[in-house]
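J.: Structure for this input, please:
(one chain, ligands or ions: 1)
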Amino acid sequence: MSKAPGILAPWKRAPSISVQKGSQTARHTCLPEAPFRNCLLSVYKANPLTVTHPWAEGLDQVVIHVGALSLKESQELAQHAAEIGADGIAVIAPFFLKPWSKDVLINFLKEVAAAAPALPFYYYHIPALTGVKIRAEELLDGIQDKIPTFQGLKFSDTDLLDFGQCVDQNRQQQFAFLFGVDEQLLSALVMGATGAVGSTYNYLGRKTSQMLEAFERKDFSLALNYQFCIQRFINFVVKLGFGVSQTKAIMTLVSGIPMGPPRLPLQKASREFTDSVEAKLKSLDFLSFTDLKDGDLEAGS
Ligand SMILES: CC(=O)N[C@@H]([C@@H](O)[C@H](O)[C@H](O)CO)[C@@H](O)CC(=O)C(=O)O
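T.: A predicted model of the protein is given here:
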């Protein structure tokens, strides 16, 4: 894995990218649907990512999310990911017709993984959105016997008991444990997270990098200060109402790159939201005035 500015040692085994946009530098794991969650399910098929896509340039690795509601569609996406040279695939649990037991979910994942047998496979655990609450710790028990390409887990849940047990019970494996609750990342690092994937790293990269550096230096008090600072921002936007549309609006605000409007059924974030966020980012010293770019806020919000 190549080195890049802002790379920190705990992120060794995770497939990762370094993102540098203006003053925002961060290294984080890349599941392309995270920065572009509209790609998840509905959009990917119509607009498949390619590893030569401008967004993928300079990335260390590209892991493509191929989850879908139908097994066949998921397998087709997995094959396509292999054909275009992805470094791995990730899959969420199907959530309309849900798997109700660990064995059923494993069988579904196994069939998807088998469609791209040369690619590392990641399970994307996000029960708040899928409604599939099978504990990750149970799922990981013996998973490589069923899915030999299993490489790791993206864990987007606040259950740190479950996350900790995933790490603790798999110490002999070289799995990637990628954490997805940005406001709790420090706790997950203590538990053994090897990487992170999250929406806020697209614009809070610098503060997150500083937290990771402090953690690496074992300056836990400073790391906690950074985590609290990040929490203050996330707490603020959660109270205003925070989701994919708002993420797009903030990314446009910070980067100046128009992210485009969200697709139905999502509604674009209001101008009032964007204005409040801009003021908050400045008051928390996340951004100076010059960091903010003149993006096309209409297109991006
Ligand atoms: C439920 C959810 O959206 N979680 C986010 C977090 O990054 C989240 O936005 C952040 O922790 C703020 O709560 C990620 O884990 C998932 C994500 O970014 C994605 O799939 O697009």
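
J.: what's the closest residue to residue 169 other than its chain neighbours in contact with, if anything?
T.: Excluding its sequence neighbours, the residue lying closest to residue 169 (C-beta to C-beta, 6 or more residues apart in numbering) is residue 137, at 6.5 Å. C-beta here means a position set from N, CA and C on the backbone, and glycine is covered the same way. Contact analysis of residue 137 by C-beta atoms under 8 Å, 6 or more residues apart in numbering lists 162, 165, 166, 169.

J.: Please convert the buried members of those residues into PyMOL selection syntax.
T.: Only the buried entries of the contacts of residue 137 go into this PyMOL selection, using 16 or more other C-beta atoms under 10 Å:
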select buried, resi 162+165+166
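
J.: how near is residue 189 to the ligand?
T.: 14 Å (C-beta to the nearest ligand atom, to the nearest Å).

J.: Between the two ends of stretch 166-179, how far is it?
T.: Stretch 166-179 has an end-to-end distance of 12 Å (C-alpha to C-alpha, to the nearest Å).

J.: List the buried residues of that stretch.
T.: 166, 167, 170, 175, 176, 177, 178, 179.

J.: Let me know the pLDDT of the last one.
T.: At residue 179 the predicted local confidence, pLDDT, stands at 95.

J.: ok, it - contacts?
T.: 154, 155, 156, 163, 185, 188, 189, 193, 195, 196, 197, 198.

J.: my guess is the last one meets residue 181, correct?
T.: Okay, so that is residue 198. Yes - taking contacts as C-beta atoms under 8 Å, residue 198 lies within contact range of residue 181: 7.4 Å.

J.: Same drill for the two, tell me which one is more crowded.
T.: More crowded of residue 198 and residue 181, by other C-beta atoms under 10 Å: residue 198, with 22 against 19.

J.: Who's the closest spatial neighbour of that one, skipping the chain neighbours?
T.: residue 182 (3.9 Å).

J.: can you count the residues close to that neighbour?
T.: When neighbours are counted by other C-beta under 10 Å, residue 182 registers 22.

J.: Check residue 279 too.
T.: Neighbourhood size, residue 279 [other C-beta under 10 Å]: 11.

J.: Next up, identify which helix or strand it is on.
T.: Assessed by DSSP states H and E, residue 279 sits inside helix 271-283.

J.: now that helix: mean pLDDT?
T.: If you average the pLDDT over helix 271-283, you get 95.

J.: the helices in this structure, which residues?
T.: 71-83, 102-114, 127-130, 136-140, 143-146, 160-168, 185-191, 205-216, 220-240, 244-255, 271-283, 297-300 (DSSP state H).

J.: Buried deepest among these, which one?
T.: helix 244-255 (a mean of 23; mean count of other C-beta atoms under 10 Å).

J.: That one and the ligand, are they touching?
T.: No - Helix 244-255 stays clear of the ligand (C-beta under 6 Å from any ligand atom), getting no nearer than 6.8 Å.
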